[in-house]
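Asker: sequence and computational prediction follow.
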Amino acid sequence: MPPIERQPRMIMSTQGLTSAGKTYLALKGVPRPVLLLDFDFGGEGLPTDVLDGVDARQYDLLAGAFKGESDAARDQIVKAETERFLADFREAIDGGHYRTIVTDTASVLWSGLRLRYDKNYASAEEVMHSLIRAAYKSPVNLTLIHHMTTVWKRNNEGKSYKAHGVYERTGMDNVENKVQLAIEQRWVAPNEALGIVGHFEATILKCRDRKELEGEVVENPDWATLCTLAVPQIDWSK
């Protein structure tokens, strides 16, 4: 059997704390046109050049809470917003117009899917997997942005506590094993005494195309540079 040609699209997961540059990286210089599926209003305040060529659809899973709706009504709003996202995602994948889709964040999407399927995690995972699988079968780049949260541990007395400085990705388990490239982003604060200039950086957690890159740290990363490191033979500007 001849080798299967590497398709010129990247399916990426990125995770990080607030203000780690996740939305900026997912939109800056990526192939246009872009559809931003926005749960977190993450595009607000970004420079004009980053948003040029970007269409946005917004979803609010907390609208019911703000309106003071009953628990049942809140759940219905969450399900309706999640259904609207799924319809928009399918249209973007099948429509042939968009070159890149960004989900900001997949962590919030995951919470919506769990409610949509009445906390049946297996069904929610199946839908999430189907979204990623659809991207593999298409020419569309997909970036899934994830929050991170503090890890909870138990002390010797069995009491729970937050482990200071220890974080984990929020969302479906094992996303990094479903995508082609998974990274963790962070902001490194300046420290004049240590000679550190403030900068963004990304650690490569998973690289399906070049496993030897895993663990590498890239300073001031951008989408095209990361994709080029992973798959040098593809022109990622297109």
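Answerer: Alright, I've got the coordinates.
Asker: okay, now the unreliable bits of the protein?
Answerer: Within the chain, the ranges that satisfy pLDDT under 70 run 152-153, 157-164.
Asker: residues contacting the residue nearest in space to the middle of the chain?
Answerer: The centroid of the chain falls nearest to I145 when counting by C-alpha atoms, centre = their mean (1.6 Å). By C-beta atoms under 8 Å, 6 or more residues apart in numbering, I145 lies in contact with T14, Q15, K22, T23, A26, G42, V102, T103, D104, T105, A106, S107. C-beta: built from backbone N, CA, C; applies to glycine.
Asker: following the host helix or strand of V127, which helix or strand comes up?
Answerer: V127 belongs to helix 121-136 when elements are defined using DSSP states H and E. Later in the chain than helix 121-136, the nearest helix or strand by DSSP H and E is strand 141-146.
Asker: now do that following strand against helix 121-136, angle only.
Answerer: Note on geometry: by axes from the mean of the first three to the mean of the last three C-alpha atoms, to 10 degrees, strand 141-146 and helix 121-136 are set 150 degrees apart in direction.
Asker: dump the next helix or strand after strand 141-146 to PDB, restricted to CA.
Answerer: Going down the chain from strand 141-146, the next helix or strand is strand 148-154, by DSSP H and E. Output in PDB follows, covering the C-alpha atoms of strand 148-154 (Å, rounded to 0.1, in the frame of the first residue of the first chain):
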ATOM      1  CA  MET A 148      -7.000  25.100  32.700                       C
ATOM      2  CA  THR A 149      -8.000  24.700  36.300                       C
ATOM      3  CA  THR A 150      -6.300  24.100  39.600                       C
ATOM      4  CA  VAL A 151      -5.900  20.500  40.600                       C
ATOM      5  CA  TRP A 152      -7.700  19.300  43.700                       C
ATOM      6  CA  LYS A 153      -5.900  16.900  46.000                       C
ATOM      7  CA  ARG A 154      -6.500  15.300  49.500                       C
END
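Asker: list the buried residues in strand 148-154.
Answerer: The neighbour-count check on strand 148-154 (16 or more other C-beta atoms under 10 Å) flags M148 as buried.
Asker: that strand pairs with which strands, parallel or anti?
Answerer: When pairing is defined by DSSP bridges, strand 148-154 lines up against strand 160-169 (antiparallel).
Asker: so how far is whichever helix or strand comes after the partner strand off the chain centroid?
Answerer: Along the chain past strand 160-169, the next helix or strand (assigned with DSSP H and E) turns out to be strand 181-188. When C-alpha coordinates are averaged (C-alpha atoms, centre = their mean, to the nearest Å), strand 181-188 and its chain have centres 11 Å apart.
Asker: what's the longest helix along the chain packed up against?
Answerer: For the chain, the helix with the greatest residue count under DSSP state H is helix 71-95. Identification of packing neighbours for helix 71-95 by 3 or more C-beta pairs under 8 Å, 6 or more residues apart in numbering; DSSP states H and E yields strand 34-38, strand 54-58, helix 63-67, strand 100-104, helix 106-116, helix 121-136.
Asker: could you export those to JSON lines, including columns for mean neighbour count and distance to V166?
Answerer: Shown next, in JSON lines, are the helices and strands packed on helix 71-95 (neighbours: other C-beta atoms under 10 Å; distance: least, C-beta to C-beta, whole Å):
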{"stretch": "strand 34-38", "mean neighbour count": "23", "distance to V166": "29"}
{"stretch": "strand 54-58", "mean neighbour count": "16", "distance to V166": "32"}
{"stretch": "helix 63-67", "mean neighbour count": "13", "distance to V166": "29"}
{"stretch": "strand 100-104", "mean neighbour count": "25", "distance to V166": "24"}
{"stretch": "helix 106-116", "mean neighbour count": "23", "distance to V166": "17"}
{"stretch": "helix 121-136", "mean neighbour count": "16", "distance to V166": "24"}
